[in-house]
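S.K.: Generate coordinates for the sequence data below:
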Amino acid sequence: MNESRRGEPAPEEVSPSGRDALPEEQERVLARAIRLEWFSLVFLAVTVTMVALVSGQSQAMKAAWLEDSMSLLPPIAFLVAAHLISKRSDRGHPYGHHRSIGVAHVVSAAALLGMGVFLVVDSLSTLITVERPPVGLTVVLGHAFWAGWLMIAVMVVTNIPPIFIGRAKMKLAEPLHDKVLYADADMNKANWTSALATVVGVLGIGAGLWWADSVAALVVSVSILHDGVKNLRSSIRGLTDAEARTFDDKEPHPLIGDIEQKAREADWVADAVSRVRDEGHVFHAEVFVVPAEGAEVTGKRCEELRRALRDVDWKVHDVVIAPVSEIPADQAFRRTVAGSEATS
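M.R.: As a prediction, this is how the structure comes out:
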């Protein structure tokens, strides 16, 4: 046994708990995602600056600027979480730091929700008080023209690249099982709708429709609010130990069934059921196994089963085997659910 400092386990005794829990392929995907998020931050910083410079008194442009500013949060949250998960587990964090992904998801979602509420109230108050945004002339290189054209140009130029950036992030979110990256990609892909609403609002001002600007701002605000509600619901679900779901939260993760099937294949196991929670990129699984009649339950057998279950997929990171005489009542309902789904 290798010696180590007091209170710290020897290197080979420490099970993977940080980025070393990820296989090489996922390591490469994570590295690409980190580079892409850094690029997003730089691009968004430029976008926020450009929109601020041309926004003037337009309510729609103000909402677009705030939306772009809020779009900085998911990449920042992702990068902070990616750094934290590299830490190993310790006495204070026996499960490691993979939950940092979930915390990052909550932070970015809460910020989006708060900003969405603020903008909806602000846009409605502008409509109610009949505030008419002045958009006059501007001079560029000695030429005077309507400032609205400059606003529209900036919105078009700055909102086309995020569509492709969002698609690139989406391709990385599934193999990495990263819900923060998925939420960020979803926002990037949807930015064009907000940009279109802003362009329509600015054109409305030029056409003399003063209310078009506030209505466009309201559309953008509702979009932000929708993103906030959807992501907050998903992030809270993960942190409250709900059943593990796919990266897009559309359905329970199929690995749950795979884990149970693999456990039942052991010659000493008569039945098995699991409860699996999402720790971030990886899963923590508690597997209740009912030994076959006459089978001897030993530490060696439990360890062999534990290793077999971890080999099912890289996401099955932390496994606890719990031998029981019968499936616990609080888990037995899953038998009924699975049976009804199979029948339907």
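
S.K.: Confirm Gly148 sits in a strand?
M.R.: No. Under DSSP: H, G, I helix; E, B strand; the rest coil, Gly148 sits outside any strand and is assigned helix.

S.K.: wait, isn't it in contact with Leu203?
M.R.: Yes. With contacts counted by C-beta atoms under 8 Å, Gly148 reaches Leu203, the gap being 7.1 Å. (Glycine included, C-beta is placed from N, CA and C.)

S.K.: Just want to know which of these two has more residues nearby.
M.R.: Each of Gly148 and Leu203 has its neighbours counted (other C-beta atoms under 10 Å); Gly148 has more, 25 against 17.

S.K.: residues contacting the more buried one?
M.R.: Residues near Gly148 by C-beta atoms under 8 Å, 6 or more residues apart in numbering: 135, 202-203, 205-206.

S.K.: Kindly check the end-to-end length of stretch 49-58 for me.
M.R.: 16 Å (C-alpha to C-alpha, to the nearest Å).

S.K.: Give the buried residues for that stretch.
M.R.: 50-51, 54-56, 58 (16 or more other C-beta atoms under 10 Å).

S.K.: Tell me which two of the contacts of Gly148 sit farthest apart.
M.R.: Across the contacts of Gly148, no pair lies farther apart than Val135 and Leu203, at 10.5 Å, counting by C-beta to C-beta.

S.K.: Got phi/psi on Val316?
M.R.: phi -80, psi 90 (degrees, to the nearest 10).

S.K.: Start at 4, not 1
M.R.: All set: I'll call the first residue 4, so the last point we hit is now Val319.

S.K.: do you know how far it is from Ser103?
M.R.: According to C-beta to C-beta, to the nearest Å, Val319 and Ser103 sit 19 Å apart.

S.K.: follow-up on the earlier one: give me the subset of the buried residues of stretch 52-61 that lies in helices.
M.R.: Mapping the buried residues of stretch 52-61 onto helices (DSSP state H) picks out 53-54, 57.

S.K.: Can I get those residues in JSON lines including distance to Gly99 and pLDDT?
M.R.: Shown next, in JSON lines, are those (distance: C-beta to C-beta, whole Å; pLDDT from 0 to 100):
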{"residue": "Met53", "distance to Gly99": "41", "pLDDT": "85"}
{"residue": "Val54", "distance to Gly99": "40", "pLDDT": "83"}
{"residue": "Val57", "distance to Gly99": "46", "pLDDT": "78"}
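
S.K.: ok, of those residues, which one's closest to Ile131?
M.R.: Using C-beta to C-beta, those come closest to Ile131 at Val54, 25.4 Å.

S.K.: Which strand or helix spans His320?
M.R.: strand 319-326 (DSSP states H and E).

S.K.: could I have that strand exported to CSV, CA atoms only?
M.R.: Included here for strand 319-326 are C-alpha records, laid out as CSV according to Å, rounded to 0.1, in the frame of the first residue of the first chain:
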residue,chain,number,x,y,z
VAL,A,319,-22.8,4.9,-14.0
HIS,A,320,-20.1,6.3,-11.7
ASP,A,321,-21.0,5.6,-8.1
VAL,A,322,-22.8,2.3,-7.3
VAL,A,323,-24.1,1.0,-3.9
ILE,A,324,-25.2,-2.6,-3.7
ALA,A,325,-27.9,-3.2,-1.0
PRO,A,326,-28.9,-6.8,-0.5
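
S.K.: Can you list the strands that it pairs with?
M.R.: When pairing is defined by DSSP bridges, strand 319-326 lines up against strand 286-294 (parallel).

S.K.: Buried ones in the partner strand, by neighbour count?
M.R.: For strand 286-294, using 16+ other C-beta under 10 Å, the buried residues are 286-288, 290-294.

S.K.: and the helix or strand that comes right after it, what other elements does it pack with?
M.R.: As assigned by DSSP H and E, the chain's next helix or strand after strand 286-294 is helix 302-313. Secondary-structure packing of helix 302-313 (3 or more C-beta pairs under 8 Å, 6 or more residues apart in numbering; DSSP states H and E): helix 258-267, strand 286-294, strand 319-326.

S.K.: who wins for proximity to Gly117 among these?
M.R.: From the helices and strands packed on helix 302-313, taking C-beta to C-beta, the stretch that ends up closest is strand 286-294, at 30.5 Å.

S.K.: Run the chain-centre distance for the closest one.
M.R.: From the chain centre to the centre of strand 286-294 is a distance of 27 Å (C-alpha atoms, centre = their mean, to the nearest Å).

S.K.: That's all I had, so thanks and see you.
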